[in-house]
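A.B. asks: sequence first, predicted coordinates after that:
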Amino acid sequence: MSNDDCIFCQIVDGDIPSHTVFEDDTAMAFLDANPLAPGHTLVIPKAHHETLEDVPEETAAHVFGVLHRLNTSVQHAVDADAANVAFNDGEAAGQEVPHVHGHIIPRFDADGGSPIHAVAGQRPDLTDAELDEIAEEIHTTR
Ligand code: AMP
Ligand code: ZN
């Protein structure tokens, strides 16, 4: 389940070096090579899946467990005040490496960064009826 053209699969296979901070049979985590903050860490399933939708639920749960534990370790390691934990899930959301990965980005008081609310474009002005319609659609397709 490895993709020869994928940079993260090459890290999993040991063909590209990484600053690995965690590894088990299913998941791996390493420091981002172009960090947004000290301690910026990426958590991945070892198997090649492009987006979250492609990841089997059991694997997703395992990866989230690793993300949850490492979020604490990373913040303690760099003495952070907080962290943004997020996935760029798909190209339109800014995903550049097509092997699903969660970012742990340590944050510091007055670091000049933005909250996750800043990632999307123009805010839509939705009516209550439109919110109902969207909620119903999510409910029926879940
Ligand atoms: P995304 O835009 O969510 O796909 O983020 C991809 C991330 O992978 C970026 O933050 C890159 O800095 C990081 N990255 C790319 N190549 C490597 C690599 N060889 N080792 C570690 N991180 C990498
Ligand atoms: Zn891959």
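C.D. replies: Sure thing, it's come through. Numbers count the residues shown, from 1 in each chain. Ligands and ions are numbered 1, 2, ... in the order given.

A.B. asks: what's the biggest helix in this structure, counting residues?
C.D. replies: Looking across the chain with DSSP state H, the single longest helix is helix 57-77.

A.B. asks: what's around Ala27, how many residues?
C.D. replies: Here the number of neighbours of Ala27 (other C-beta atoms under 10 Å) works out to 22. Bear in mind the C-beta positions are built from the backbone N, C-alpha and C, glycine included.

A.B. asks: for Ile44, give its distance to Gln122.
C.D. replies: 31 Å (C-beta to C-beta, to the nearest Å).

A.B. asks: more crowded one of these two?
C.D. replies: Neighbours were counted for Ile44 and for Gln122 using other C-beta under 10 Å; Ile44 has more, 24 against 5.

A.B. asks: give me the buried positions along stretch 11-29.
C.D. replies: For stretch 11-29, burial by neighbour count (16 or more other C-beta atoms under 10 Å) applies to Ile11, Val12, Ser18, Val21, Ala27, Met28, Ala29.

A.B. asks: can you pull the contacts of the residue nearest the centre of the chain?
C.D. replies: Centroid-nearest residue in the chain, with C-alpha atoms, centre = their mean: Gly102, separated by 1.6 Å. Listed by C-beta atoms under 8 Å, 6 or more residues apart in numbering, the contact partners of Gly102 are Leu42, Val43, Ile44, Val63, Phe64, Leu67, Val85, Ala86, Phe87.

A.B. asks: which residues of the chain lie near ligand 2?
C.D. replies: Asn3, Cys6, Phe8, Cys9, His48, His99 (C-beta under 5 Å from the ion).
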